[in-house]
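Asker: Sequence unavailable; structure follows:
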């Protein structure tokens, strides 16, 4: 459906408000903090980001959206989300100066659809939980079910979408085409699409060659995707204030890499990976069965953010620290902060402290005392590190938005002294 003149007027009004906020003095201050932290050029003033996407419907209730047609509502919802996020949290998230639009791609990673069942909450919203019927019960018997990843880009569909958005708000806010390879770069996550955790851990003992065969397969799929994005020219140099999908910014003065001529290459990109699924594997076994494939993966990209919830302290020194293009490392509640703080102090690697999601999840009031002690512990162990605080994977807050800014104020109060 075509965006109506009335809807265009509303979208331009919201886009103008968004741009005014994006160019405000407070955003200039946030940008300077983020840039100094991520480039290691301005001391160790920590930044804090709250991930609110999982409960975006609480920040932008559907009844507050004035547009009626689907695309117009999508645009309005996105712009309102950024502004409402800032008003409710006051964190170090930057407001967009251009409307981000990803290239439309169709990816078939395995040659067959995954059989997945998702948990649903009230209003048919995904809870984030899911179960998978795994195709690989035995690598030897079932491997031939797997096919190499295939991908196509819908240029016509993307162009049409870009033109519609540009027609609606382009005179106020430009449309910026973005794109980078993701998803299948999380190698062991892909492994568990195909085989169960129990199956993987049994195979490490019963069929070690099969595990290597599976890791080679998921790595090759990731490389197919990465090469496609590079060859098709649907990447952009994400070295500034673009969210990487995990509430952190890939700001760096090290990208694009030398030899850049205006066409982005994989070596110009800031990418993400992790290996949460190997949490029960010893450092020695990680080094034998998984590290060789992650090393080959990360050799293809420019810089990398590594980790999520897994306790990376167990494999940092022996496995990950030699990978020189890891520039951010996730330090979750399961990490030994003392070890990671000593390893990262005075190094150009961001200590990305992933906060315990229990502080903000649900409709409960904030445990202010507990959060203050939690941040004090991090500041004690991570002295001399470039620290960012990320609060992620918060499913719902049930209307208790006041605790968002309260949490940011407490974190800054401790971290900034």
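Answerer: All right, it came through fine. Note that this is a predicted model, so its numbers are computed, not measured.

Asker: Check which element follows the one helix or strand residue 26 maps to along the chain.
Answerer: In the assignment (DSSP states H and E), residue 26 maps to helix 25-39. Under the assignment DSSP H and E, the closest C-terminal helix or strand after helix 25-39 is strand 47-50.

Asker: other SSEs contacting the helix or strand just after that next one?
Answerer: Per DSSP H and E, strand 47-50 leads on to helix 56-59 as the next helix or strand towards the C-terminus. Helix 56-59 sits against helix 70-89, with contacts defined as 3 or more C-beta pairs under 8 Å, 6 or more residues apart in numbering; DSSP states H and E. C-beta here means a position set from N, CA and C on the backbone, and glycine is covered the same way.

Asker: From the rest of the structure, what touches the helix it packs on?
Answerer: Applying C-beta atoms under 8 Å, 6 or more residues apart in numbering, the contact partners of helix 70-89 are 1, 3-4, 7, 10-11, 14-15, 17-18, 21, 50, 52, 56, 59-60, 64-67, 91, 93, 95-96, 99, 161, 164-165, 168-169, 401, 404-405, 408.

Asker: Show me which of those are buried.
Answerer: For the contacts of helix 70-89, a burial check counting by 16 or more other C-beta atoms under 10 Å picks out 3, 7, 10-11, 14-15, 18, 21, 50, 52, 59-60, 65-67, 91, 93, 95-96, 99, 161, 164-165, 168-169, 401, 404, 408.

Asker: How about the secondary structure of the nearest residue to residue 129 once chain neighbours are set aside?
Answerer: Nearest residue to residue 129 in three dimensions, chain neighbours excluded: residue 119, at 3.7 Å (C-beta to C-beta, 6 or more residues apart in numbering). Assigned with DSSP: H, G, I helix; E, B strand; the rest coil, residue 119 falls in the strand class.

Asker: surely residue 119 meets residue 130?
Answerer: Yes. Using C-beta atoms under 8 Å, residue 119 makes contact with residue 130 at a distance of 6.5 Å.

Asker: Tell me which stretches of the stretch 301-417 of the chain form strands.
Answerer: Here the stretch 301-417 of the chain has its strands, by DSSP state E, counting those that start in this stretch, at 303-306, 326-331, 350-354, 386-391.

Asker: how far out from the middle of the chain is the helix holding residue 26?
Answerer: Counting by C-alpha atoms, centre = their mean, to the nearest Å, helix 25-39 is centred 19 Å from the centre of its parent chain.

Asker: now do stretch 74-84
Answerer: Averaged C-alpha coordinates place stretch 74-84 at 19 Å from its chain's average position (C-alpha atoms, centre = their mean).

Asker: got the buried residues for that stretch?
Answerer: 75-84.

Asker: for stretch 37-55, same thing?
Answerer: 37-40, 44-52, 54-55.

Asker: what's the first-to-last distance across that stretch?
Answerer: The first and last residues of stretch 37-55 sit 28 Å apart, counting by C-alpha to C-alpha, to the nearest Å.

Asker: mind showing which ranges of the stretch 101-250 of the chain have poor pLDDT?
Answerer: Low-confidence segments of the stretch 101-250 of the chain, defined by pLDDT under 70: 121-128.

Asker: Tell me where it has helices.
Answerer: Under the criterion DSSP state H, counting those that start in this stretch, the stretch 101-250 of the chain carries helices at the ranges 139-142, 155-169, 187-194, 197-206, 208-232.

Asker: and the longest one with helix 155-169, angle?
Answerer: Here helix 208-232 runs at an angle of 60 degrees relative to helix 155-169 (axes from the mean of the first three to the mean of the last three C-alpha atoms, to 10 degrees).

Asker: Compute the inter-axis angle for helix 208-232 and helix 187-194.
Answerer: On the basis of the same axes, to 10 degrees, helix 208-232 is oriented at 110 degrees to helix 187-194.

Asker: Which positions in helix 208-232 come out as buried?
Answerer: 210-212, 214-215, 217-219, 221-226, 228-230.

Asker: now swap in the first one and tell me
Answerer: For helix 139-142, a neighbour-count test (16+ other C-beta under 10 Å) marks residue 139 as buried.

Asker: State the phi and psi torsions of the closest residue to residue 363 other than its chain neighbours.
Answerer: The shortest distance from residue 363 to any non-neighbouring residue, by C-beta to C-beta, 6+ apart, is to residue 398 (3.2 Å). When read as degrees, to the nearest 10, the backbone of residue 398 gives phi 50, psi 50.

Asker: Could you verify my assumption that residue 398 touches residue 361?
Answerer: No. If you go by C-beta under 8 Å, residue 398 and residue 361 don't touch, sitting 9.6 Å apart.

Asker: Looking at the two, which one has more neighbours?
Answerer: Between residue 398 and residue 361, counted using other C-beta atoms under 10 Å, the more crowded position is residue 361 (17 against 12).

Asker: Next, give phi and psi for the spatially closest residue to the more buried one that is not a sequence neighbour.
Answerer: In this structure, residue 361 finds its nearest non-sequential neighbour in residue 394, 5.1 Å apart by C-beta to C-beta, 6+ apart. Phi and psi for residue 394, reported as degrees, to the nearest 10, are phi -90, psi 110.

Asker: residues contacting residue 394?
Answerer: Counted by C-beta under 8 Å, 6+ apart, residue 394 has contacts 50-52, 54-55, 357, 360-361.

Asker: From those, pick the one nearest residue 323.
Answerer: residue 51 (25.7 Å; C-beta to C-beta).

Asker: Which of the buried residues of stretch 37-55 scores worst on pLDDT?
Answerer: In terms of pLDDT, the lowest of the buried residues of stretch 37-55 is residue 44, showing 72.
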